[in-house]
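Chemist: just the structure for this:
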Amino acid sequence: MSVNVSSDQSCQPYHCVAAPIGMGGSSPTPPATAPVVPTPNTAASQSGAAQPHIDDLRHRIETATTRVRDTTPLAQSFTNFVTINLVANAQLASGGTAAMSFLPDDVIDTAAIAGSTYINVGTLLPFFKDALTQIAHRFHEMKHPWVLDPVAAGIGATRTAILTGFKAAPPTIVRGNASEIIALADMWNLNTNTVIGGANTTEPSTRPAGVEAVDDVDSAQNAAVRLARYLRDHNGLGHAAVAVSGATDLVTDGDTVYRLPGGSAMMTKITGAGCSLGGVTATYLAVTDPLTAAVGASALYNRASEQAERVSHGPGSFQTAFLDALWNTSAQTVAQSTITASAA
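Modeler: Numbers count the residues shown, from 1 in each chain. The predicted structure is shown next:
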């Protein structure tokens with residue numbers, strides 16, 4: 001079953017009343033995708049000659065955030081059922097529209113009217129191995145943009161087979177924690193003896209710890225850069241991004257590495273914070289280029305979580321306050337987030 005979830009529909013615990021795709025909610029026509037603005041292949045920082053580069057990125061983030069709220073783009077999800085409710089609600093609160101399905105034909109057909117798709121491998125069923133392979137290859141043929149969250153990469157033969165298979169039909173954006181990014185690059189044989197930034201950058205195989213990271217963000221930088229370059233060269237779209245979540249988020253397009261400090265430690269006390277960020281990244285990807293989508297969604301999450309922490313009293317009230325903050329944080333506030341950049 002595939003459902004289109006919009007803010008005027010009523011969901012009660014254990015039962016959701018929602019309109020089928022194309023009936024109610026958002027318009028059935030896909031939103032216009034913003035033109036991709038090339039990213040300069042130069043070293044960048046927060047000051048000096050890099051400032052025009054950062055200013056351009058800020059402008060794109062503000063434009064994308066505004067466009068999401070003005071056009072309510074549809075970004076569908078094939079996501080894990082533990083966190084599916086928060087994913088949908090976060091997409092709505094950020095200004096988009098959500099559709100959730102686990103059927104390959106539904107997902108493939110919906111891709112024709114959706115601006116992007118989010119795929120999360122957090123909780124798996126046996127048929128997902130064939131379903132996700134079919135979906136990824138069809139997206140590749142359609143040149144449909146999509147976001148992958150490689151949850152718990154490195155655990156289990158089925159999950160490993162699915163994630164390894166995505167190498168042949170890779171996504172537009174990969175978003176995960178540091179351990180997941182390192183593990184995925186290792187599965188794709190990208191963690192090799194090469195030199196990036198003047199140093200030998202072979203990463204040891206990481207050890208998974210369920211869905212939690214055991215590596216810090218900086219240790220995943222080289223894996224993220226290699227993944228971004230591979231995605232860009234093989235996804236058929238010619239542009240890509242990899243986002244690594246942590247105390248200071250990292251996003252790269254393969255040429256430049258961006259860091260976004262801030263956020264709230266309370267995000268680790270609710271289920272689905274990272275999953276919902278993947279969904280919102282897909283919402284942004286429906287209206288803009290991969291780098292802007294990844295940086296913009298991360299900046300929105302950092303500002304919203306900081307605001308939610310200030311007014312909440314624990315995990316329960318934090319989650320509610322966080323959704324409110326996603327809704328209320330202005331495009332200007334998102335765009336003016338602290339962003340530093342350096343050459344990959």
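
Chemist: okay, CA-based contacts and neighbour counts for the rest of this
Modeler: Fine.

Chemist: mean confidence for the helix or strand containing Asp233?
Modeler: Assigning secondary structure by DSSP states H and E places Asp233 in helix 221-234. Averaging pLDDT along helix 221-234 gives 98.

Chemist: mind checking how far it is from the chain centre?
Modeler: Centre-to-centre, helix 221-234 and its host chain are 15 Å apart (Cα atoms, centre = their mean, to the nearest Å).

Chemist: please report phi then psi for Met100.
Modeler: phi -120, psi 130 (degrees, to the nearest 10).

Chemist: if I read this right, it contacts Ala75, doesn't it?
Modeler: No. Look at Met100 against Ala75 with Cα atoms under 8 Å: they stay out of range, at 9.2 Å.

Chemist: quick one: the very next helix or strand once past the helix holding Asp233 to helix 221-234, angle?
Modeler: Where DSSP H and E defines the elements, the next helix or strand beyond helix 221-234 is strand 241-245. Computed with axes from the mean of the first three to the mean of the last three Cα atoms, to 10 degrees, the direction of strand 241-245 lies at 150 degrees from that of helix 221-234.

Chemist: give the buried residues for the helix or strand following strand 241-245.
Modeler: Sequence-wise, the next helix or strand downstream of strand 241-245 (DSSP H and E) is strand 248-252. Neighbour counts using 16 or more other Cα atoms under 10 Å place Thr248, Asp249, Leu250, Val251, Thr252 of strand 248-252 among the buried residues.

Chemist: so the third one sits against Gly262, correct?
Modeler: No. Taking contact to mean Cα under 8 Å, the distance of 11.6 Å between Leu250 and Gly262 leaves them out of contact.

Chemist: list the contacts of Val121.
Modeler: With contacts taken as Cα atoms under 8 Å, 6 or more residues apart in numbering, Val121 has the following neighbours: Thr79, Asn80, Asp149, Pro150, Val151, Ala152, Arg159.

Chemist: need the phi and psi values for the fifth one.
Modeler: Note on Val151: backbone dihedrals following degrees, to the nearest 10 are phi -50, psi 130.

Chemist: dump the residue contacts of it.
Modeler: Contacts here follow Cα under 8 Å, 6+ apart; on that basis Val151 touches Asn120, Val121, Gly122, Gly176, Glu180, Val211.

Chemist: my reading is that Lys129 lies in a helix. Confirm?
Modeler: Yes. The secondary structure assignment for Lys129 places it in a helix, going by DSSP: H, G, I helix; E, B strand; the rest coil.

Chemist: what is the burial count for it?
Modeler: Neighbours of Lys129 under the rule other Cα atoms under 10 Å: 18.

Chemist: just how off-centre is stretch 91-108 within its chain?
Modeler: What separates the centre of stretch 91-108 from the centre of its chain is 14 Å, taken as Cα atoms, centre = their mean.

Chemist: quick one: terminal-to-terminal distance for it?
Modeler: In stretch 91-108, first residue to last residue: 20 Å (Cα to Cα, to the nearest Å).

Chemist: quick one: buried residues of that stretch?
Modeler: 91-104, 106-108.

Chemist: ok, Val311 touching Thr320?
Modeler: No. Because the distance of 10.3 Å does not satisfy Cα under 8 Å, Val311 is recorded as not touching Thr320.

Chemist: the stretch 51-200 of the chain: helices as residue ranges?
Modeler: Taking DSSP state H, counting those that start in this stretch, the helices of the stretch 51-200 of the chain run over residues 51-71, 84-94, 104-111, 128-142, 157-165, 178-187.

Chemist: report how many residues lie close to the spatially closest residue to Leu190 that is not a sequence neighbour.
Modeler: Leaving out its chain neighbours, the residue that sits closest to Leu190 by Cα to Cα, 6 or more residues apart in numbering is Arg226, at 6.5 Å. Other residues within reach of Arg226 by the criterion other Cα under 10 Å amount to 22.

Chemist: wait, Arg226 touches Ala185, no?
Modeler: Yes. Applying Cα under 8 Å, one finds Arg226 in contact with Ala185, separated by 7.5 Å.

Chemist: so what sits against both of those two?
Modeler: Taking Cα under 8 Å, 6+ apart as the criterion, Arg226 and Ala185 both touch Asn191.

Chemist: which residues sit in contact with Gln134?
Modeler: For Gln134, the contacting residues are Pro104, taking Cα under 8 Å, 6+ apart as the criterion.

Chemist: so what pLDDT did it get?
Modeler: Residue-level pLDDT assigned to Gln134 equals 97.

Chemist: distance check, it against Gly279.
Modeler: When Cα to Cα is the yardstick, Gln134 and Gly279 sit 21 Å from each other.

Chemist: go on, Gln332?
Modeler: Computed as Cα to Cα, the Gln332 to Gly279 distance reads 21 Å.
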